[in-house]
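Chemist: Sequence and predicted structure below; questions after.
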Amino acid sequence: MKKLTIKDLYKDYKSFENKQVSLEGWIRTVRDSKTFGFIELNDGSYFKNIQIVISDKLDNFKDLVKLTISSSIKVTGTLVITENSKQPFEIQATNIEVFNLSDSDYPLQKKRHTFEYLRTVAHLRPRTNTFNAIFRIRSVAAFAIHEYFQNNGYVYVHTPIITCADCEGSAEMFKLTTMDLEKPLPKNEDGTTDFSNDLFGKEAYITGSGQLHGETFAASFGKIYTFGPTLRSENSNTKTHANEFWMIEPEISFCDLEQLMDIEEDCLKYIVEKVLERCPEEINFCDQFIEKGLKEKLNKLLNSSFVRIDHKDVIDILKKADRKWEFEPDYGEDLAKEHEKYITEYFNGPVFVKNWPKDIKSYYMKLNSDGKTVAAVDLEVPGAGEIMGGSQREEDYDTLVKLMEAKGIKTEPLWWYLDLRRYGSNVHSGFGLGFERLLMYLTGMENIRDVIPYPRTPKNCEF
């Protein structure tokens, strides 16, 4: 028989009126007077707590009023409707069983804690209102992502974590070895490390992207997506970078850049819509305590038509802007945060910036007919900047080889990737969506460390 939860009661409390119910959960607060008291109980099923009324008629009343925060208990009592109170109902306890009395030095007492402090107790912070909301939204958003792609005929592919494929540049990838680092490493004649006797017989990495392997499956199934952990070794301490994060990477055959932007917009709107629909209490909390105007921002995105503009035209707008830049915009350069912010404010909504200079983009992106730009696109959204990045992939074998050679990418280890351009090549595209960047946008959180359960950043690998 299914156990009753607090979520069940909030969903249909009137059907339980004056009936006996039993709940198990953790104490959030205890308040008492001489003859009665109140316990705020949460069981993890719902964002809101439930109020338990205790009285001196209970045999263990004197012990109950001394219960500490986070103690685990079982409550049996009668559900009473309280229409004129903050909560629509409460439980008048007839029996309370204590499973575990929490130690009095529990780190999360009833006071406001800084996010910095809460990162030091990451194993406990999901118990706070803020992180209870954040991680429930994370769960719902993850489900919505799978739901979107499954509903639209995509195949979910598990690309390898261990790889010898260099997608985003080996300088950003973690090296993988079983060699004894306490001993001198074997060397080749040219002085490089000899990996021939390592576990895989060659240099291996922990994946920085599942894209290349994803493309091989898209060439069979037509539409695929990956959703899993990604690791980058860059030594960056910004609020938006982490060494371990999750990525969503769809790859679509017979799809050009314009069609890709249609999919990106549709996907993002679907996720936002489902989070607003399924997490109303959590979004209301974030709107009130984390980012004022969050709900308005998210609803505005749902009703926006995303602008599409070339990188060159964006630089034209930035150069004509009546303001002084910290980083001067340039036609051959990437956009800085201040540029991203300005351009979304300029168009008053999300902006697709497309057709980027080839020299600052990856080797696998489709070379445009001008020979200077590639069919790449970044989606900039108000308040968060870049949230998605994608491109039409270069489908021509000879052009791809030239692009790889020009960027110093070895073609031999990627023979299998080049094979895709020999056996049934077609116009195809894909994008990457950083899950934590998306969550920052959905919740208003300013630091990536606060939307991932256990952040891995430079000099930080606790828990």
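Modeler: Yep, that arrived.

Chemist: can you list the weak-confidence ranges in this structure?
Modeler: Scanning the chain for pLDDT under 70 picks out the ranges 166-171.

Chemist: repeat that with 80
Modeler: Residues of the chain meeting the criterion pLDDT under 80: 1, 165-171.

Chemist: so the residue of it most remote from its centre is in which element?
Modeler: Using C-alpha atoms, centre = their mean, the residue of the chain lying farthest from its centre is Lys57. It sits 48.8 Å away. Element membership of Lys57, judged by DSSP states H and E, is empty: it is in no helix or strand.

Chemist: Backbone dihedrals for it, please?
Modeler: Reported as degrees, to the nearest 10, the phi and psi values for Lys57 are phi -70, psi -20.

Chemist: again, but for Thr193
Modeler: The phi/psi pair for Thr193 (degrees, to the nearest 10) reads phi -70, psi 140.

Chemist: now Lys62
Modeler: Note on Lys62: its backbone torsions stand at phi -60, psi -30 [degrees, to the nearest 10].

Chemist: ok, it to Tyr156 distance?
Modeler: Lys62 sits 56 Å away from Tyr156, going by C-beta to C-beta, to the nearest Å. The way it works is simple: take the backbone N, C-alpha and C, and place the C-beta from them, glycine included.

Chemist: neighbour-wise, which of those two wins?
Modeler: Ranked by neighbour count (other C-beta atoms under 10 Å), Lys62 and Tyr156 place Tyr156 first, with 13 against 10.

Chemist: contacting residues for the more buried one?
Modeler: His146, Phe149, Gln150, Ile224, Tyr225, Thr226, Phe227 (C-beta atoms under 8 Å, 6 or more residues apart in numbering).

Chemist: for the helix or strand where Asp378 lies, the distance to its chain's centre please.
Modeler: For Asp378, the host element (DSSP H and E) is strand 373-381. Centre-to-centre, strand 373-381 and its host chain are 20 Å apart (C-alpha atoms, centre = their mean, to the nearest Å).

Chemist: What is it packed up against?
Modeler: On a contact count with 3 or more C-beta pairs under 8 Å, 6 or more residues apart in numbering; DSSP states H and E, strand 373-381 meets helix 257-278, helix 337-347, strand 351-357, strand 385-393.

Chemist: just to revisit the earlier point, buried only: go through the contacts of Tyr156 for me.
Modeler: When the contacts of Tyr156 are checked for burial by 16 or more other C-beta atoms under 10 Å, the buried set is Phe149, Ile224, Tyr225, Thr226, Phe227.

Chemist: SS state for the first one?
Modeler: If I follow you right, that is Phe149. Assigned with DSSP: H, G, I helix; E, B strand; the rest coil, Phe149 falls in the helix class.

Chemist: what does the second one give?
Modeler: Local secondary structure at Ile224 is given as strand here, using three-state DSSP.

Chemist: rewinding a little: right, and the helices and strands packed on strand 373-381 - which one's nearest Cys164?
Modeler: Among the helices and strands packed on strand 373-381, the nearest to Cys164 by C-beta to C-beta is strand 385-393 (20.1 Å).

Chemist: Tell me which helix or strand comes right after that closest one.
Modeler: Past strand 385-393, the next helix or strand by DSSP H and E is helix 397-406.

Chemist: contact partners of the first helix or strand past that next one going along the chain?
Modeler: Downstream of helix 397-406, the first helix or strand assigned by DSSP H and E is helix 415-419. Contacts of helix 415-419 with the rest of the structure, by C-beta under 8 Å, 6+ apart, involve Ala165, Leu212, Glu215, Thr216, Tyr397, Leu400, Val401, Thr411.

Chemist: List phi and psi for Pro453.
Modeler: Main-chain torsions, Pro453, degrees, to the nearest 10: phi -50, psi -50.

Chemist: That one reaches Phe135, doesn't it?
Modeler: Yes: Pro453 lies in contact with Phe135 (C-beta atoms under 8 Å); the separation is 6.8 Å.

Chemist: Now do the shared contacts for these two.
Modeler: Contacts common to Pro453 and Phe135, judged by C-beta under 8 Å, 6+ apart, are Pro126.

Chemist: more neighbours, these two?
Modeler: Each of Pro453 and Phe135 has its neighbours counted (other C-beta under 10 Å); Phe135 has more, 18 against 13.

Chemist: Can you select the buried ones among the contacts of helix 415-419 for me in ChimeraX?
Modeler: Listed next is the ChimeraX selection for buried residues among these, using 16+ other C-beta under 10 Å:
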select :165,212,215,216,400,401
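
Chemist: Dump the contacts of helix 415-419 into CSV; add distance to Glu328 as well.
Modeler: Below are these laid out as CSV (distance: C-beta to C-beta, whole Å):
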residue, distance to Glu328
Ala165, 36
Leu212, 35
Glu215, 36
Thr216, 41
Tyr397, 39
Leu400, 33
Val401, 35
Thr411, 37
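
Chemist: neighbours around the residue nearest to Met261 when sequence neighbours are not counted, how many?
Modeler: Excluding the flanking residues, the one nearest Met261 by C-beta to C-beta, 6 or more residues apart in numbering is Phe352, at 5.2 Å. Residues contacting Phe352 under the criterion other C-beta under 10 Å number 21.

Chemist: ok, so of the contacts of helix 415-419, who is nearest Ser369?
Modeler: For the contacts of helix 415-419, the minimum distance to Ser369 (C-beta to C-beta) is 15.9 Å, reached by Leu400.

Chemist: Name all residues that make contact with that closest one.
Modeler: By C-beta under 8 Å, 6+ apart, the contact list for Leu400 reads Tyr363, Tyr364, Glu394, Leu418, Arg421.
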